[in-house]
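>>> just coords:
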């Protein structure tokens, strides 16, 4: 009788513990993008925060700079950096990046110590842009279940991009 329970117990353990056997674990593919931000020139001392920001729709007016349009705000970029690598697959203040087309990706600085969502609190110092025109925002296109590489931005403190409306 004891042997019967022992056999039943071993069979139970085998059934419960062998969910996939030696099958490979499926890797989940993140959806988003990553790249490098390069900083040129001297960092202004009056700014207290620097973040990478992503908007779904173009910034045609100050009203477009809003929480519904804002899809990504990366963690603070350390002041004085010469290079900063970022990814949307990780920690962020706001991360609502899904497959789709995004109209405005930039690096922004603020003089406020509190994170503000008003347009006039931010100055754009770097823009993901068209290679032919550094003042023309380039679209970021994120396919389903894919990480887009080399979404790179150059921030030139001596030659910042044209500011969007409302700043």
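On my side now, so go ahead. Only a predicted model underlies this, so the values are computations on that prediction, with no experimental measurement involved.
>>> what about the longest strand in the protein?
strand 32-40 (DSSP state E).
>>> neighbouring strands of it in the sheet, and parallel or not?
Here the strand partners of strand 32-40, with direction, are listed using DSSP bridges: strand 83-87 (antiparallel), strand 147-148 (parallel), strand 153-156 (parallel).
>>> TSV for the ones you listed, including distance to residue 126, mean neighbour count and mean pLDDT?
Where C-beta positions appear, they are placed from N, C-alpha and C, glycine not excepted. TSV is the format used below for the strands paired with strand 32-40 (distance: least, Cβ to Cβ, whole Å; neighbours: other Cβ atoms under 10 Å; pLDDT from 0 to 100):
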stretch	distance to residue 126	mean neighbour count	mean pLDDT
strand 83-87	10	15	96
strand 147-148	18	16	94
strand 153-156	3	20	96
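>>> ok, which of these comes nearest residue 65?
Closest to residue 65 of the strands paired with strand 32-40 is strand 153-156 (Cβ to Cβ; 18.1 Å).
>>> from the chain's centre, how far out does that closest one sit?
In terms of Cα atoms, centre = their mean, to the nearest Å, the centre of strand 153-156 is set 16 Å apart from its chain centre.
>>> residues contacting it, please?
35-41, 52, 105-107, 125-128 (Cβ atoms under 8 Å, 6 or more residues apart in numbering).
>>> apply 7 Å and report the result again.
Residues from elsewhere that reach strand 153-156, judged by Cβ atoms under 7 Å, 6 or more residues apart in numbering: 35, 37-41, 107, 125-128.
>>> those, buried ones only, as a ChimeraX selection?
Isolation of the buried members of those (16 or more other Cβ atoms under 10 Å) is achieved in ChimeraX through the command below:
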select :35,37,39,107,125,126,127,128
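>>> tell me which of the contacts of strand 153-156 is nearest to residue 162?
Proximity of the contacts of strand 153-156 to residue 162 was ranked by Cβ to Cβ; the top entry is residue 127 with 8.3 Å.
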